[in-house]
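Visitor: Kindly generate the corresponding structure for this input.
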Amino acid sequence: MSLTGFGRVFLWGDHPKAVSYNHVSWLFLRILALIYLIAFVSLWVQLEGLIGDRGILPVGDYLNAISTQMGGERFFLLPTLSWFMPDGLGLHLLCACGCFCSILLLANIFSGPCLFLNWACYLSLAGSAQVFLGFQWDNLLLEAGFLAMFLAPWRFKPRDSGTPSIIIIWLYRLLLFRLMFCSGMAKILSGDLTWENLTALTVHYQTQPLPTWIGWMAHQMPESFHRWSAGGMFLIELAVPFLIFLPRRPRALAFFLFFGLMVLIIMTGNYTFFNWLTMAISMFLLDDEMFDAALPKSLRPEKSDSGKLALWRWVVHGGVAVLIILVSASQMATMFGTSPAPIKALERAVSPFRSVNSYGLFAVMTQKRYEIVFEGSGDGKTWLPYEFKFKPDKLSKRPAFVAPHQPRLDWQMWFAALGDFNQSPWLQPLMKGLQEGNPHILDLMGKNPFQKQPPRYLRAMLYQYHFTNWETRANTGQWWRRQVPVAYGPVLDGNPLQE
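Guide: Next comes the predicted model:
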(Lines give C-alpha, C1' and ligand atoms only; values in the text may rest on other atoms or scores of the structure.)
Protein backbone atom coordinates (compact mmCIF):
# COMPACT_ATOMS: atom_id res chain seq x y z
CA MET A 1 0.00 0.00 0.00
CA SER A 2 2.95 2.28 0.54
CA LEU A 3 3.19 4.47 -2.58
CA THR A 4 -0.50 4.10 -3.44
CA GLY A 5 -1.53 5.02 0.08
CA PHE A 6 0.78 7.98 0.17
CA GLY A 7 -0.45 9.20 -3.21
CA ARG A 8 -4.08 8.96 -2.09
CA VAL A 9 -3.38 11.02 1.02
CA PHE A 10 -1.22 13.48 -0.87
CA LEU A 11 -3.59 14.01 -3.81
CA TRP A 12 -7.04 13.58 -2.32
CA GLY A 13 -6.88 13.38 1.44
CA ASP A 14 -8.28 16.25 3.47
CA HIS A 15 -6.09 18.03 5.94
CA PRO A 16 -6.45 16.17 9.26
CA LYS A 17 -8.10 18.02 12.09
CA ALA A 18 -5.17 17.35 14.41
CA VAL A 19 -1.81 17.22 12.67
CA SER A 20 0.82 15.13 14.45
CA TYR A 21 4.51 14.47 13.83
CA ASN A 22 5.12 11.70 16.37
CA HIS A 23 6.05 8.99 13.90
CA VAL A 24 8.06 11.29 11.63
CA SER A 25 10.07 12.46 14.64
CA TRP A 26 10.58 8.91 15.89
CA LEU A 27 11.99 7.75 12.55
CA PHE A 28 14.13 10.89 12.16
CA LEU A 29 15.81 10.27 15.52
CA ARG A 30 16.62 6.67 14.53
CA ILE A 31 18.11 7.84 11.22
CA LEU A 32 20.06 10.57 13.01
CA ALA A 33 21.43 7.94 15.40
CA LEU A 34 22.62 5.86 12.45
CA ILE A 35 24.24 8.90 10.80
CA TYR A 36 26.00 9.80 14.06
CA LEU A 37 27.25 6.21 14.33
CA ILE A 38 28.58 6.28 10.76
CA ALA A 39 30.25 9.65 11.34
CA PHE A 40 32.00 8.51 14.53
CA VAL A 41 33.14 5.17 13.09
CA SER A 42 34.31 6.79 9.86
CA LEU A 43 36.47 9.24 11.79
CA TRP A 44 37.63 6.69 14.36
CA VAL A 45 39.35 4.47 11.78
CA GLN A 46 41.32 7.50 10.53
CA LEU A 47 41.92 9.19 13.86
CA GLU A 48 45.51 8.16 14.59
CA GLY A 49 46.81 9.13 11.17
CA LEU A 50 45.02 12.47 11.05
CA ILE A 51 45.27 13.99 14.55
CA GLY A 52 46.67 11.28 16.84
CA ASP A 53 49.91 11.63 18.76
CA ARG A 54 51.88 10.62 15.66
CA GLY A 55 49.40 11.89 13.11
CA ILE A 56 49.61 14.64 10.52
CA LEU A 57 48.31 17.33 12.89
CA PRO A 58 48.64 16.01 16.47
CA VAL A 59 45.87 17.35 18.65
CA GLY A 60 48.24 17.89 21.61
CA ASP A 61 50.47 20.26 19.65
CA TYR A 62 47.46 22.16 18.34
CA LEU A 63 45.86 22.64 21.74
CA ASN A 64 49.16 23.72 23.28
CA ALA A 65 49.52 26.41 20.62
CA ILE A 66 45.93 27.59 21.15
CA SER A 67 46.45 27.67 24.92
CA THR A 68 49.53 29.85 24.53
CA GLN A 69 47.74 32.30 22.25
CA MET A 70 44.32 32.53 23.91
CA GLY A 71 44.85 31.76 27.58
CA GLY A 72 41.61 31.37 29.53
CA GLU A 73 39.44 32.33 26.55
CA ARG A 74 40.36 29.08 24.83
CA PHE A 75 37.58 27.12 26.55
CA PHE A 76 34.91 29.30 24.95
CA LEU A 77 36.58 30.07 21.62
CA LEU A 78 37.40 26.39 21.07
CA PRO A 79 34.82 24.32 22.97
CA THR A 80 36.21 20.80 23.10
CA LEU A 81 36.48 18.14 25.77
CA SER A 82 39.97 17.45 24.45
CA TRP A 83 41.22 20.21 26.75
CA PHE A 84 40.91 17.72 29.60
CA MET A 85 42.67 14.87 27.79
CA PRO A 86 44.72 16.34 24.90
CA ASP A 87 46.12 13.11 23.51
CA GLY A 88 45.21 10.14 21.36
CA LEU A 89 43.49 8.32 24.22
CA GLY A 90 41.12 11.22 24.73
CA LEU A 91 40.22 11.18 21.03
CA HIS A 92 39.49 7.45 21.15
CA LEU A 93 37.29 7.91 24.21
CA LEU A 94 35.28 10.61 22.42
CA CYS A 95 34.69 8.32 19.45
CA ALA A 96 33.82 5.39 21.71
CA CYS A 97 31.36 7.51 23.69
CA GLY A 98 29.76 8.76 20.47
CA CYS A 99 29.36 5.24 19.09
CA PHE A 100 27.92 3.91 22.35
CA CYS A 101 25.40 6.75 22.63
CA SER A 102 24.41 6.31 18.98
CA ILE A 103 23.61 2.64 19.63
CA LEU A 104 21.54 3.57 22.69
CA LEU A 105 19.71 6.17 20.62
CA LEU A 106 18.95 3.55 17.97
CA ALA A 107 17.40 1.44 20.73
CA ASN A 108 15.42 4.47 21.99
CA ILE A 109 17.17 4.38 25.36
CA PHE A 110 17.91 7.69 27.10
CA SER A 111 17.43 9.48 23.78
CA GLY A 112 17.79 13.02 25.10
CA PRO A 113 20.98 12.49 27.14
CA CYS A 114 22.51 10.43 24.32
CA LEU A 115 21.85 13.20 21.82
CA PHE A 116 23.50 15.72 24.13
CA LEU A 117 26.59 13.51 24.50
CA ASN A 118 26.70 12.84 20.75
CA TRP A 119 26.60 16.58 20.07
CA ALA A 120 29.26 17.31 22.70
CA CYS A 121 31.58 14.54 21.47
CA TYR A 122 31.27 15.49 17.81
CA LEU A 123 31.78 19.19 18.61
CA SER A 124 34.87 18.24 20.61
CA LEU A 125 36.28 16.19 17.74
CA ALA A 126 35.45 18.93 15.24
CA GLY A 127 37.36 21.44 17.36
CA SER A 128 40.34 19.10 17.70
CA ALA A 129 40.57 17.89 14.10
CA GLN A 130 41.30 21.31 12.61
CA VAL A 131 40.97 21.25 8.79
CA PHE A 132 39.93 17.60 8.72
CA LEU A 133 36.48 18.28 10.26
CA GLY A 134 35.80 21.66 8.75
CA PHE A 135 33.19 20.64 6.20
CA GLN A 136 29.64 21.95 5.87
CA TRP A 137 28.15 18.52 6.57
CA ASP A 138 30.02 18.40 9.88
CA ASN A 139 28.28 21.67 10.77
CA LEU A 140 24.96 20.35 9.49
CA LEU A 141 25.25 17.28 11.71
CA LEU A 142 25.99 19.46 14.72
CA GLU A 143 23.05 21.76 13.97
CA ALA A 144 20.62 18.90 13.35
CA GLY A 145 21.91 17.12 16.45
CA PHE A 146 21.50 20.26 18.56
CA LEU A 147 17.84 20.62 17.58
CA ALA A 148 17.28 16.91 18.17
CA MET A 149 18.07 17.35 21.87
CA PHE A 150 14.83 19.35 22.16
CA LEU A 151 12.87 16.89 20.03
CA ALA A 152 13.71 13.65 21.82
CA PRO A 153 12.25 12.32 25.08
CA TRP A 154 14.65 12.37 28.04
CA ARG A 155 13.13 9.37 29.82
CA PHE A 156 14.94 6.00 30.05
CA LYS A 157 12.87 4.10 27.48
CA PRO A 158 9.58 5.82 26.61
CA ARG A 159 6.68 3.59 25.67
CA ASP A 160 5.65 5.77 22.74
CA SER A 161 7.15 8.18 20.25
CA GLY A 162 6.53 11.22 22.41
CA THR A 163 4.91 14.53 21.49
CA PRO A 164 7.34 16.61 19.42
CA SER A 165 7.27 20.37 19.76
CA ILE A 166 5.88 22.17 16.72
CA ILE A 167 8.50 24.85 17.38
CA ILE A 168 11.31 22.35 16.82
CA ILE A 169 9.53 20.94 13.75
CA TRP A 170 9.52 24.41 12.23
CA LEU A 171 13.13 25.02 13.19
CA TYR A 172 14.04 21.92 11.18
CA ARG A 173 12.04 23.30 8.27
CA LEU A 174 13.85 26.61 8.61
CA LEU A 175 17.17 24.73 8.62
CA LEU A 176 16.14 22.94 5.41
CA PHE A 177 15.12 26.25 3.85
CA ARG A 178 18.45 27.86 4.73
CA LEU A 179 20.40 24.86 3.50
CA MET A 180 18.72 24.73 0.09
CA PHE A 181 18.02 28.40 -0.59
CA CYS A 182 21.43 29.64 0.55
CA SER A 183 23.14 26.97 -1.56
CA GLY A 184 21.36 28.36 -4.61
CA MET A 185 21.94 32.02 -3.71
CA ALA A 186 25.63 31.41 -3.04
CA LYS A 187 26.00 30.30 -6.67
CA ILE A 188 24.11 33.34 -7.96
CA LEU A 189 25.91 35.88 -5.79
CA SER A 190 29.37 34.46 -6.50
CA GLY A 191 29.27 35.85 -10.03
CA ASP A 192 30.60 32.58 -11.43
CA LEU A 193 29.93 32.66 -15.18
CA THR A 194 29.50 28.88 -15.42
CA TRP A 195 26.51 29.07 -13.09
CA GLU A 196 25.15 32.14 -14.88
CA ASN A 197 25.23 30.46 -18.30
CA LEU A 198 24.22 27.04 -16.88
CA THR A 199 27.40 25.25 -18.02
CA ALA A 200 28.76 24.42 -14.56
CA LEU A 201 27.66 20.79 -14.73
CA THR A 202 29.64 20.22 -17.92
CA VAL A 203 32.72 20.11 -15.67
CA HIS A 204 31.28 19.39 -12.22
CA TYR A 205 31.14 15.60 -12.42
CA GLN A 206 34.79 15.51 -13.49
CA THR A 207 36.17 18.11 -11.08
CA GLN A 208 34.25 17.24 -7.89
CA PRO A 209 36.38 15.76 -5.09
CA LEU A 210 35.36 12.08 -5.31
CA PRO A 211 33.13 11.24 -8.27
CA THR A 212 31.45 7.88 -8.77
CA TRP A 213 31.42 5.78 -11.93
CA ILE A 214 27.88 7.04 -12.53
CA GLY A 215 29.35 10.54 -12.34
CA TRP A 216 31.76 9.49 -15.11
CA MET A 217 28.76 8.42 -17.19
CA ALA A 218 26.90 11.67 -16.45
CA HIS A 219 29.93 13.63 -17.67
CA GLN A 220 29.54 12.01 -21.10
CA MET A 221 26.06 13.50 -21.61
CA PRO A 222 25.61 16.37 -24.13
CA GLU A 223 25.86 20.00 -23.05
CA SER A 224 22.12 20.53 -23.45
CA PHE A 225 21.51 17.84 -20.80
CA HIS A 226 23.87 19.62 -18.38
CA ARG A 227 22.20 22.99 -19.01
CA TRP A 228 18.73 21.58 -18.32
CA SER A 229 20.09 19.81 -15.23
CA ALA A 230 21.58 23.06 -13.90
CA GLY A 231 18.28 24.86 -14.54
CA GLY A 232 16.38 22.16 -12.66
CA MET A 233 18.82 22.37 -9.78
CA PHE A 234 18.34 26.13 -9.50
CA LEU A 235 14.57 25.63 -9.53
CA ILE A 236 14.84 23.17 -6.63
CA GLU A 237 17.32 25.27 -4.65
CA LEU A 238 15.80 28.73 -5.19
CA ALA A 239 12.05 28.32 -5.75
CA VAL A 240 11.03 25.04 -4.13
CA PRO A 241 12.27 26.05 -0.61
CA PHE A 242 9.40 28.54 -0.40
CA LEU A 243 6.94 25.64 -0.59
CA ILE A 244 8.13 24.76 2.90
CA PHE A 245 6.02 27.61 4.29
CA LEU A 246 2.84 26.60 2.40
CA PRO A 247 0.19 23.99 3.39
CA ARG A 248 0.89 20.28 3.58
CA ARG A 249 0.51 19.32 -0.08
CA PRO A 250 3.02 21.86 -1.43
CA ARG A 251 5.33 20.83 1.42
CA ALA A 252 5.00 17.19 0.36
CA LEU A 253 5.90 18.20 -3.20
CA ALA A 254 9.00 19.95 -1.85
CA PHE A 255 9.90 16.76 0.01
CA PHE A 256 9.81 14.71 -3.19
CA LEU A 257 11.89 17.25 -5.12
CA PHE A 258 14.51 17.60 -2.39
CA PHE A 259 14.63 13.84 -1.97
CA GLY A 260 15.10 13.33 -5.71
CA LEU A 261 17.91 15.88 -5.92
CA MET A 262 19.73 14.22 -3.04
CA VAL A 263 19.43 10.80 -4.67
CA LEU A 264 20.94 12.14 -7.89
CA ILE A 265 23.85 13.65 -5.96
CA ILE A 266 24.41 10.36 -4.11
CA MET A 267 24.54 8.55 -7.44
CA THR A 268 27.12 10.85 -9.03
CA GLY A 269 29.36 11.98 -6.16
CA ASN A 270 30.56 11.03 -2.68
CA TYR A 271 29.48 13.63 -0.14
CA THR A 272 29.65 11.47 2.97
CA PHE A 273 26.44 11.56 5.07
CA PHE A 274 25.43 15.02 3.82
CA ASN A 275 22.72 13.93 1.38
CA TRP A 276 21.34 11.27 3.72
CA LEU A 277 21.05 13.79 6.53
CA THR A 278 19.37 16.31 4.22
CA MET A 279 16.79 13.70 3.20
CA ALA A 280 16.17 12.89 6.86
CA ILE A 281 15.60 16.57 7.71
CA SER A 282 13.23 16.92 4.75
CA MET A 283 10.97 14.31 6.38
CA PHE A 284 9.67 17.11 8.61
CA LEU A 285 7.80 18.40 5.55
CA LEU A 286 5.49 15.40 6.03
CA ASP A 287 3.04 14.68 8.83
CA ASP A 288 2.06 11.38 10.44
CA GLU A 289 -0.92 10.79 8.15
CA MET A 290 1.29 10.99 5.06
CA PHE A 291 4.07 9.06 6.76
CA ASP A 292 1.79 6.25 7.94
CA ALA A 293 0.25 5.92 4.48
CA ALA A 294 3.68 4.93 3.14
CA LEU A 295 4.39 2.32 5.83
CA PRO A 296 2.73 -1.01 6.66
CA LYS A 297 1.15 -1.13 10.11
CA SER A 298 3.83 -3.50 11.43
CA LEU A 299 6.52 -0.83 10.94
CA ARG A 300 4.66 2.10 12.46
CA PRO A 301 5.70 3.31 15.93
CA GLU A 302 3.14 3.29 18.71
CA LYS A 303 0.82 6.23 19.06
CA SER A 304 1.82 8.79 21.64
CA ASP A 305 -0.19 9.14 24.82
CA SER A 306 2.11 11.63 26.49
CA GLY A 307 -0.17 14.61 26.01
CA LYS A 308 0.82 18.22 25.52
CA LEU A 309 4.23 19.72 26.18
CA ALA A 310 4.86 21.26 29.57
CA LEU A 311 4.91 25.04 29.79
CA TRP A 312 8.60 25.16 30.63
CA ARG A 313 9.38 23.26 27.41
CA TRP A 314 7.46 25.82 25.38
CA VAL A 315 9.52 28.56 27.04
CA VAL A 316 12.85 26.80 26.39
CA HIS A 317 11.94 25.93 22.81
CA GLY A 318 10.77 29.47 22.20
CA GLY A 319 14.07 30.85 23.46
CA VAL A 320 16.00 28.46 21.20
CA ALA A 321 13.84 29.54 18.27
CA VAL A 322 14.50 33.23 18.88
CA LEU A 323 18.25 32.62 19.07
CA ILE A 324 18.34 30.53 15.88
CA ILE A 325 16.11 32.91 13.92
CA LEU A 326 18.20 35.93 14.88
CA VAL A 327 21.53 34.28 14.09
CA SER A 328 20.37 32.68 10.85
CA ALA A 329 18.81 35.99 9.75
CA SER A 330 22.17 37.66 10.39
CA GLN A 331 23.94 35.03 8.30
CA MET A 332 21.51 35.40 5.41
CA ALA A 333 21.67 39.19 5.61
CA THR A 334 25.46 38.97 5.33
CA MET A 335 25.04 37.16 2.00
CA PHE A 336 23.29 40.23 0.59
CA GLY A 337 25.20 42.96 2.42
CA THR A 338 25.59 43.60 6.13
CA SER A 339 23.85 42.59 9.33
CA PRO A 340 23.00 44.86 12.30
CA ALA A 341 25.94 45.06 14.71
CA PRO A 342 24.13 43.66 17.81
CA ILE A 343 22.88 40.60 15.91
CA LYS A 344 26.29 40.17 14.30
CA ALA A 345 27.82 40.13 17.78
CA LEU A 346 25.34 37.43 18.80
CA GLU A 347 26.31 35.42 15.72
CA ARG A 348 30.00 35.65 16.65
CA ALA A 349 29.22 34.61 20.22
CA VAL A 350 27.53 31.35 19.24
CA SER A 351 29.73 30.52 16.22
CA PRO A 352 32.29 28.42 18.18
CA PHE A 353 29.51 25.88 18.88
CA ARG A 354 28.84 25.39 15.14
CA SER A 355 25.14 24.80 15.76
CA VAL A 356 23.66 27.66 13.69
CA ASN A 357 25.48 27.80 10.39
CA SER A 358 25.54 29.33 6.93
CA TYR A 359 25.57 27.01 3.93
CA GLY A 360 26.43 27.18 0.25
CA LEU A 361 28.28 24.35 -1.48
CA PHE A 362 30.07 24.89 -4.81
CA ALA A 363 29.43 28.63 -4.93
CA VAL A 364 32.25 28.82 -7.48
CA MET A 365 32.62 25.86 -9.83
CA THR A 366 36.07 24.28 -10.07
CA GLN A 367 37.02 24.37 -13.76
CA LYS A 368 39.99 22.00 -13.82
CA ARG A 369 40.89 18.91 -11.87
CA TYR A 370 44.38 18.79 -10.38
CA GLU A 371 45.77 15.91 -8.37
CA ILE A 372 48.87 15.73 -6.21
CA VAL A 373 50.82 12.49 -6.54
CA PHE A 374 53.54 11.66 -4.02
CA GLU A 375 56.57 9.85 -5.38
CA GLY A 376 59.46 8.34 -3.46
CA SER A 377 62.96 7.33 -4.49
CA GLY A 378 65.95 5.68 -2.91
CA ASP A 379 68.52 7.09 -5.35
CA GLY A 380 66.90 10.27 -6.70
CA LYS A 381 66.59 8.74 -10.18
CA THR A 382 63.88 6.07 -10.05
CA TRP A 383 60.60 7.35 -8.64
CA LEU A 384 57.68 5.20 -7.48
CA PRO A 385 54.22 6.67 -6.78
CA TYR A 386 52.19 6.25 -3.60
CA GLU A 387 48.52 5.54 -4.13
CA PHE A 388 45.53 6.83 -2.21
CA LYS A 389 42.57 4.70 -1.26
CA PHE A 390 39.91 6.58 -3.20
CA LYS A 391 41.09 9.74 -4.93
CA PRO A 392 42.28 9.45 -8.54
CA ASP A 393 45.91 8.47 -9.15
CA LYS A 394 46.17 5.41 -11.41
CA LEU A 395 44.46 6.01 -14.74
CA SER A 396 42.69 2.68 -14.47
CA LYS A 397 41.23 3.38 -11.01
CA ARG A 398 37.47 3.19 -11.24
CA PRO A 399 35.61 6.03 -9.49
CA ALA A 400 34.03 4.27 -6.53
CA PHE A 401 31.10 4.67 -4.16
CA VAL A 402 32.60 5.65 -0.80
CA ALA A 403 29.85 7.57 1.01
CA PRO A 404 28.64 7.74 3.72
CA HIS A 405 32.25 7.11 4.79
CA GLN A 406 34.52 10.11 4.27
CA PRO A 407 38.23 9.51 3.58
CA ARG A 408 39.22 12.86 5.00
CA LEU A 409 42.81 12.90 3.77
CA ASP A 410 41.65 12.19 0.21
CA TRP A 411 39.25 15.12 0.50
CA GLN A 412 41.91 17.48 1.82
CA MET A 413 44.23 16.51 -1.02
CA TRP A 414 41.59 17.80 -3.45
CA PHE A 415 41.58 21.19 -1.70
CA ALA A 416 45.37 21.28 -1.50
CA ALA A 417 45.67 20.79 -5.27
CA LEU A 418 43.64 23.99 -5.82
CA GLY A 419 46.39 26.11 -4.22
CA ASP A 420 50.14 26.06 -3.81
CA PHE A 421 52.20 23.99 -1.41
CA ASN A 422 52.51 26.68 1.28
CA GLN A 423 48.74 27.20 1.50
CA SER A 424 48.35 23.75 3.07
CA PRO A 425 50.79 23.62 6.00
CA TRP A 426 49.71 20.06 6.85
CA LEU A 427 51.29 18.76 3.62
CA GLN A 428 54.83 18.90 4.95
CA PRO A 429 54.17 16.73 8.05
CA LEU A 430 52.24 14.36 5.79
CA MET A 431 55.20 14.01 3.45
CA LYS A 432 57.58 13.68 6.37
CA GLY A 433 55.43 10.87 7.79
CA LEU A 434 55.54 9.03 4.47
CA GLN A 435 59.30 9.49 4.25
CA GLU A 436 59.75 8.13 7.77
CA GLY A 437 57.40 5.20 7.17
CA ASN A 438 54.97 6.34 9.88
CA PRO A 439 52.49 3.42 10.08
CA HIS A 440 49.56 5.57 11.23
CA ILE A 441 49.90 7.92 8.26
CA LEU A 442 50.53 5.05 5.86
CA ASP A 443 47.23 3.52 7.03
CA LEU A 444 45.47 6.50 5.44
CA MET A 445 47.05 5.69 2.09
CA GLY A 446 46.39 2.96 -0.43
CA LYS A 447 49.43 1.28 -1.94
CA ASN A 448 52.83 1.85 -0.30
CA PRO A 449 55.60 1.10 -2.86
CA PHE A 450 58.27 1.05 -0.12
CA GLN A 451 57.30 -1.88 2.07
CA LYS A 452 60.83 -2.88 3.09
CA GLN A 453 62.39 0.52 3.62
CA PRO A 454 61.06 4.11 3.44
CA PRO A 455 62.42 6.23 0.58
CA ARG A 456 65.27 8.67 1.04
CA TYR A 457 63.68 11.23 -1.28
CA LEU A 458 60.06 12.27 -1.50
CA ARG A 459 58.46 14.70 -3.93
CA ALA A 460 54.98 15.93 -4.83
CA MET A 461 53.99 16.17 -8.49
CA LEU A 462 50.91 17.98 -9.81
CA TYR A 463 48.89 16.47 -12.65
CA GLN A 464 45.80 17.72 -14.43
CA TYR A 465 43.27 14.90 -14.72
CA HIS A 466 40.38 14.43 -17.15
CA PHE A 467 37.73 11.79 -17.57
CA THR A 468 38.21 9.59 -20.60
CA ASN A 469 35.37 9.12 -23.11
CA TRP A 470 33.43 5.99 -24.03
CA GLU A 471 35.80 5.03 -26.85
CA THR A 472 38.99 5.38 -24.79
CA ARG A 473 37.41 3.55 -21.89
CA ALA A 474 36.43 0.65 -24.16
CA ASN A 475 39.85 0.44 -25.83
CA THR A 476 42.17 0.96 -22.85
CA GLY A 477 40.12 0.27 -19.73
CA GLN A 478 41.16 3.68 -18.37
CA TRP A 479 38.74 5.97 -16.55
CA TRP A 480 41.20 8.88 -16.48
CA ARG A 481 43.80 10.60 -18.60
CA ARG A 482 46.32 13.12 -17.33
CA GLN A 483 48.78 15.70 -18.60
CA VAL A 484 52.54 15.96 -18.06
CA PRO A 485 53.17 16.84 -14.39
CA VAL A 486 54.92 19.79 -12.82
CA ALA A 487 56.69 19.94 -9.47
CA TYR A 488 54.26 20.93 -6.72
CA GLY A 489 56.55 21.31 -3.70
CA PRO A 490 60.14 20.88 -2.56
CA VAL A 491 61.86 17.50 -2.69
CA LEU A 492 62.42 16.16 0.82
CA ASP A 493 65.84 14.62 1.30
CA GLY A 494 66.19 12.51 4.40
CA ASN A 495 68.90 10.15 5.58
CA PRO A 496 68.22 6.54 4.61
CA LEU A 497 67.18 4.39 7.55
CA GLN A 498 69.23 1.46 6.28
CA GLU A 499 72.35 1.21 4.14
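
Visitor: Now stretch 107-118: buried residues?
Guide: 108, 110-118 (16 or more other C-beta atoms under 10 Å). For glycine as for every other residue, the C-beta is placed from the backbone atoms N, C-alpha and C.

Visitor: got a list of contacts for that stretch?
Guide: 29-30, 32-33, 36, 97-98, 101-102, 104-105, 145, 148-149, 152-158 (C-beta atoms under 8 Å, 6 or more residues apart in numbering).

Visitor: Now do the strands in the stretch 301-450 of the chain.
Guide: Residue ranges of the strands in the stretch 301-450 of the chain, as given by DSSP state E, counting those that start in this stretch, are 369-377, 384-385.

Visitor: Can you list the strands that the shortest one pairs with?
Guide: Think strand 384-385. strand 369-377 (antiparallel) (DSSP bridges).

Visitor: Quick one: mean pLDDT for the partner strand?
Guide: The average pLDDT within strand 369-377 is 97.

Visitor: now it: how far from the chain's centre is it?
Guide: Taking C-alpha atoms, centre = their mean, to the nearest Å, one finds strand 369-377 lying 25 Å from the centre of the chain it belongs to.

Visitor: repeat for stretch 134-153
Guide: Worked out by C-alpha atoms, centre = their mean, stretch 134-153 lies 12 Å from the chain centre.

Visitor: Distance to Met335 and mean neighbour count added to the strands of the stretch 301-450 of the chain, as a markdown table?
Guide: Shown next, in a markdown table, are the strands of the stretch 301-450 of the chain (distance: least, C-beta to C-beta, whole Å; neighbours: other C-beta atoms under 10 Å):
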| stretch | distance to Met335 | mean neighbour count |
| --- | --- | --- |
| strand 369-377 | 28 | 21 |
| strand 384-385 | 42 | 14 |
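
Visitor: Take those strands and lay them out in JSON lines including distance to Ala333.
Guide: Below are these laid out as JSON lines (distance: least, C-beta to C-beta, whole Å):
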{"stretch": "strand 369-377", "distance to Ala333": "35"}
{"stretch": "strand 384-385", "distance to Ala333": "48"}
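
Visitor: any idea what sits nearest Ile343, other than its immediate chain neighbours?
Guide: Ser330 (4.4 Å; C-beta to C-beta, 6 or more residues apart in numbering).

Visitor: Glu347 is in contact with the one you found, correct?
Guide: Yes. Assessed by C-beta atoms under 8 Å, Ser330 is found in contact with Glu347 at 4.5 Å.

Visitor: Please enumerate the shared neighbours of the two.
Guide: With C-beta under 8 Å, 6+ apart, Ser330 and Glu347 have common neighbours Ser339.

Visitor: Just the buried ones from the contacts of stretch 107-118?
Guide: 29-30, 32-33, 36, 97-98, 101-102, 104-105, 145, 148-149, 152-153, 158.

Visitor: For the protein, give me the ranges with low pLDDT.
Guide: For the chain, the stretches flagged by pLDDT under 70 are 1-18, 159-162, 294-307, 495-499.

Visitor: Mind doing that once more with 80?
Guide: Applying pLDDT under 80 to the chain picks out residues 1-18, 156-163, 291-309, 339, 494-499.

Visitor: how about whichever helix in it runs longest: buried residues?
Guide: Longest helix of the chain, by residue count under DSSP state H: helix 311-336. Neighbour-count burial for helix 311-336, counted by 16+ other C-beta under 10 Å, picks out 317, 320-321, 324, 326-328, 330-332.

Visitor: ok, so what distance separates the residue lying closest to Tyr172 once chain neighbours are set aside from Ile343?
Guide: Ranked by C-beta to C-beta, 6+ apart and with sequence neighbours excluded, the top spatial neighbour of Tyr172 is Phe284, at 4.4 Å. Per C-beta to C-beta, to the nearest Å, Phe284 is found 26 Å from Ile343.

Visitor: The two: which is more packed in?
Guide: Using other C-beta atoms under 10 Å, the more surrounded residue of Phe284 and Ile343 is Phe284, with 25 against 15.
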